[in-house]
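Asker: let me see the structure of the following:
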Amino acid sequence: MPCKQNPVHLKLLLVLLKPEWLYTDEIGILGFKYYNMDRLRDASFNEEDGYIKFYLRGRPIVLYVPSHLIESYSLSTVTPGPQSRLKLEWAYGYRGKDCRSNLYLLPTGEIVYFIAAVVVLYNVEEQTQRHYLGHTDDVKCLCIHPNKLLIATGQTAGHDKMEGKPHIRIWNSVSLSTLHVLGLGEFERSITAISFSKADGGGLLAAIDEANDHVLSLWEWQKGETGHKITETKCSADTVIGVDFHPMDRHTVVTCGKNHIAFWNIEGGTLSRRLGIFESRDKPKYVTCIAFADNGDVISGDSNGNILVWGRGTNTILKSIKNAHEGAVFSLLVLKDGHVVSGGGKDGQLTLWDPSYRRTGYTAEVPEQYGNCRTIAEGKGSQLLVGTTKNAILAGSFELPFSVIMSGHIEELWALVSHPTEPQFVTGAFDGTITMWDSMSKTVVWTLDNGEPVQSLDISPDGSSVAVGTTTGKWQLLDMYTREELVQHTDGSEPIQVIRFSPDGKTLAIGSRDNHIYLYQLNDDYKKANRVGRCTGHSSFITQLDWSEDGSAIRSNSGDHDVLFWNPNTCRQILQPSQLKDVQWATDTCRISFNSVGIWPEGADGTDINNCARSHDGSLLVTGDDFGTVRLYQFPASNIKSIGHIYGGHSSHVTNVAFMHEDNRVISIGGKDMSVLQWKVLNQKNRFDD
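Answerer: Presented below is the predicted three-dimensional model:
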């Protein structure tokens, strides 16, 4: 990540990490020299028999060295880091499923929102993205300073012992430079809502910590690099989902959430609270959103579908609009002309109200496939921006229909494959959707609701068929262009962990969580599949498998860190791995192989690395791990002392990685963060293009 983005972050890293681990290249990308000095104590090289041995979670791993390397191989040799680098080019997805008030239009013409640990600044008209990468885990909230230049973002607790703690970052939306980092070590769980003050020009920041007491804190954020906390107080024992400064009364803060709306007064560095008084029979379970009228009244939406107006400076209801929506009111927006837009969380409707809270007759509907309204923001002119509960961003108005400008998956994401000849890739998730994306136009080519959670994917060598493995043991072959189902079979009841076409496309290998590999013979048009056998020998579930280039052998890894080899013609295990030490493999996705020895960190338990992929030209190896990072190595990473470059952006396990067919881009997917990140491969030729 660029050094200029994170001065505070960089200072902490310099303290925490050994100097020899860090470098900064000529384009300002901060990287990490990453290799495993301590593992030399446990590793050994038997030159006579031509193998190396090391340990994963106490289990010995024996890997045979290719013949042409035996004489020169040494455990003390360092595999240098690649000259190539990765730069985040595009982030697909949006977090609307469980976050709110996280979509805004900036004066630059960009919309700002977040997915995983990435804050995205997206210019829809120019089809460009910029990214703020200062966070180390899930970003949960966002707010804009009154000057429209500065942005504050809050994150949840993460992997890193220091920077992984929940905190707030304040940064410049033009330069993307970090100005202040607030609350490292002071927040307990996650920052769920933040707000800059408005009446005083934005000198204060309010924050809600998702601790048991849902603590509300106030900060003089401009005091030093880490700001100054003025005060904090228990906000509510129940969930708090929103906080906002009053735009006219500088000493008033409003919070809302389960069973309450609260009006806070700031006086002498302390906070005092008055709870909103509801008519008892109409008290909602949740106050879901708040906004401010031009005259200073507070407007709230709730889970009963009502909109309430609270008199300025009071905690009593001035006006009540019953049944404004069917189901909860999820978002309120006061327009520049005083009209109010409300968004329904169940009926999917946007409704326009005049400044006196009368219906104008104007309504709009969010298309059902994108979920319901989660948040509303003003776009350019009369345009509205809508973030939805199914992680999509829409643009439209009361006159023009809404169209999608960003979409993503809505459940855990594991399946990824790049197209063999086109700049496209396919993802599949536990939400049952399969999506093809175009890496050049950065758009969705097609989406299919498969009806079952998707675990694995592959594309035939000719690009005409997609193989889909589900979590139920069922697998399918689909026509790439019509999405018609060509073949369906079921092997066991466990998830299909990996599915892989042979290099000639005539055989399909299916690695299951039931410890077996099933082999099917395919006809030329992929409309028939005949099972030819089952490979039995693993004592744990299959994690990865690779075909040899000539299709004569299969290599597989399992959950208990076994490396086994198979003859696909007989479905029998090849019991002498040394016979295969010189085999050329069509892919290198097996995490445990001679070519990937150097990717394992010291103390690894065998599950830390989730996947790896080799570039088609055989020069690079990319990995995804449990720490939310993507790592780039030279290929082969066959020395235990291997240097790699580390890149953040994901906030969950990186469950899969893949090179595009021309090796100019890498795609990575996050499991529970539901993000798809597209990285540009920067080499000596294109490193300065950006």
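Asker: let me know the pLDDT of P601.
Answerer: Turning to P601, the model gives it a pLDDT of 81.
Asker: sorry, wrong one. I was asking about C3.
Answerer: 35.
Asker: now find how far off-centre stretch 501-513 is within its chain.
Answerer: Remark: stretch 501-513 is offset 29 Å from the chain centroid, using CA atoms, centre = their mean, to the nearest Å.
Asker: contacting residues around G505?
Answerer: With contacts defined as CB atoms under 8 Å, 6 or more residues apart in numbering, G505 is in contact with S460, P461, D462, L522. C-beta here means a position set from N, CA and C on the backbone, and glycine is covered the same way.
Asker: between these, which sits nearest E549?
Answerer: When those are compared for distance to E549 (CB to CB), P461 wins out at 11.9 Å.
Asker: and the gap between the nearest residue to the closest one once chain neighbours are set aside and Q584?
Answerer: Once flanking residues are discounted, P461 sits nearest to G505: 4.4 Å by CB to CB, 6 or more residues apart in numbering. G505 is 18 Å from Q584, where distance means CB to CB, to the nearest Å.
Asker: cool, and S72?
Answerer: Between S72 and Q584 the computed distance is 19 Å (CB to CB).
Asker: could you do V298 as well?
Answerer: Separation of V298 from Q584 (CB to CB) stands at 69 Å.
Asker: between the two, who's got more neighbours?
Answerer: Taking other CB atoms under 10 Å, V298 and Q584 do not tie; V298 has more neighbours (25 against 9).
Asker: count the neighbours of the spatially closest residue to the more buried one that is not a sequence neighbour for me.
Answerer: Closest residue in space to V298, ignoring its immediate chain neighbours: W310 at 4.2 Å, by CB to CB, 6+ apart. Neighbours of W310 under the rule other CB under 10 Å: 22.
Asker: so in terms of bridging, what pairs with R614?
Answerer: Counting by DSSP bridges, R614 forms beta bridges with L621.
Asker: follow-up on the earlier one: which of the contacts of G505 are buried? Put it as a ChimeraX command.
Answerer: Entered in ChimeraX, the line below selects the buried ones among the contacts of G505, by 16 or more other CB atoms under 10 Å:
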select :460,461,522
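Asker: ok, the contacts of G505 vs R534, which is closest?
Answerer: Comparing these against R534 with CB to CB places L522 closest, at 16.5 Å.
Asker: wait, the closest one sits on I510?
Answerer: No - L522 is beyond contact range of I510, at 11.8 Å (criterion: CB atoms under 8 Å).
Asker: what is in contact with the two at once?
Answerer: By CB under 8 Å, 6+ apart, no residue touches both L522 and I510.
Asker: so who does the residue nearest to V298 touch?
Answerer: Neighbours of W310 in contact, by CB under 8 Å, 6+ apart: I261, F263, G276, D297, V298, I299, S300, T316, I317, L318.
Asker: how about the contacts made by the fifth one?
Answerer: I take that to be V298. Applying CB under 8 Å, 6+ apart to V298 gives the contacts H246, V254, I261, F263, I290, A291, F292, V309, W310, R312.
Asker: pairing partners for it in the sheet, please.
Answerer: F292, W310.
Asker: how much space separates it from S272?
Answerer: 17 Å.
Asker: got any ranges where the protein has weak pLDDT?
Answerer: Along the chain, segments meeting pLDDT under 70 span 1-41, 159-163, 281, 684-690.
Asker: switch to 50 and redo it
Answerer: Applying pLDDT under 50 to the chain flags residues 1-40.
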